[in-house]
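> Need coordinates for the below:
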Amino acid sequence: AKYIEEAHRYINTGSFSAPRFYFYSATIFIMVFALKINIGMFGVFVIQALLNLFAFTIFYKALTKIFKSSFTPILIIFYLLAFSPYQSWIVFLYTESVFFSAILILISVLILNKPDNFKTILLIIMVFFIMLISRPLGILFGVGIYLYFFYYANKKWKIIIACSSVVMIVMGYFFINAVFSSIHDWRITQAFEEE
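Next up is the predicted model:
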């Protein structure tokens, strides 16, 4: 309900009630789009379902590259489709739906492409950005992507990336703290503390 309310607020005012909603804006903007073209919340569900279908399709393609066959990737996809906790998060209008789809898409893009050209690097950054605006936890994938770029870089770029590591660590530290300290009604340790 709070994301639907934020979507209506964005339509009416062009802004969110709090800056933290930028980190959930992928789902909110899907709602804004669906409401603007008058397809309602059912339309939001259809858009999310299409995004999930795309995520499963590209993830299957990436898995076939790893396993060099189609049998194991089909088993993995069927497992994800049959795993009810995962499906409950991606079927309902939660921000996790877009986030989980973005995770599968990012993993697939990293498996299917080497960052050896500007187009691929831009694609990886774009998918990471979508993940980041889907849920604040998306920021935690930043270190892995940074190491991925470092691993595939040639010697000249490894030196540049290594030299910029200090700046990236400092920026990452402040950015992660900004993300997690701006959420006042939730903490990452909340489930552990309450259970």
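> Every contact and neighbour count from this point should use C-alpha atoms.
Will do.
> so where's this protein shaky on pLDDT?
Scanning the chain for pLDDT under 70 picks out 93, 178-192, 195.
> quick one: the strands in it?
Counting by DSSP state E, the chain forms no strands at all.
> Tell me which residue is most central in it.
What sits nearest the mean C-alpha location of the chain, by CA atoms, centre = their mean, is residue 131, with 2.1 Å.
> Would you check how far apart residue 7 and residue 46 are?
Distance of residue 7 to residue 46, given as CA to CA, to the nearest Å: 17 Å.
> which of the two has more neighbours?
residue 7 (25 against 14; other CA atoms under 10 Å).
> doesn't residue 33 make contact with that one?
No. Counting by CA atoms under 8 Å, residue 7 sits too far from residue 33 to count as a contact (9.1 Å).
> Please list all residues in contact with the residue nearest to the centre of the chain.
Residues in contact with residue 131 (CA atoms under 8 Å, 6 or more residues apart in numbering) are 98-99, 102-103, 138.
> Swap in 10 Å and give it another go.
23-24, 26, 96, 98-103, 105-106, 125, 137-139, 141 (CA atoms under 10 Å, 6 or more residues apart in numbering).
> which of the residues in stretch 37-47 are buried?
Across stretch 37-47, burial judged by 16 or more other CA atoms under 10 Å covers 41, 43-45, 47.
> Same check on stretch 70-83?
73, 77.
> Show me the contact partners of it.
If you take CA under 10 Å, 6+ apart as the criterion, stretch 70-83 is touched by 56-57, 59-67, 86-87.
> So how do I select the buried members of the residues you listed in ChimeraX?
Typed into ChimeraX, the line below selects the buried ones among the contacts of stretch 70-83, using 16+ other CA under 10 Å:
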select :56,57,59,60,61,62,63,64
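> Helices - which of the contacts of stretch 70-83 land there?
56-57, 59-67, 86-87 (DSSP state H).
> Any chance of a markdown table for those, columns distance to residue 119?
Output for those, formatted as a markdown table (distance: CA to CA, whole Å):
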| residue | distance to residue 119 |
| --- | --- |
| 56 | 23 |
| 57 | 21 |
| 59 | 20 |
| 60 | 22 |
| 61 | 20 |
| 62 | 18 |
| 63 | 22 |
| 64 | 23 |
| 65 | 21 |
| 66 | 22 |
| 67 | 26 |
| 86 | 32 |
| 87 | 32 |
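> I'd like to know which of those is nearest to residue 11.
residue 87 (29.4 Å; CA to CA).
> how about the nearest residue to residue 111, chain neighbours excluded?
Distance criterion CA to CA, 6 or more residues apart in numbering; nearest residue to residue 111, sequence neighbours excluded, is residue 62 at 5.9 Å.
> residues in contact with that neighbour?
Residue 62 neighbours (CA under 10 Å, 6+ apart): 56, 68, 73, 104-105, 107-113.
> Who wins on neighbours among those?
Highest neighbour count within the contacts of residue 62, by other CA under 10 Å: residue 105, with 25 neighbours.
> Contact partners for the closest residue to that residue other than its chain neighbours?
Leaving aside its chain neighbours, residue 105 sits nearest to residue 55 (5.3 Å; criterion: CA to CA, 6+ apart). Taking CA under 10 Å, 6+ apart, we find residue 55 in contact with 49, 61, 98, 100-108.
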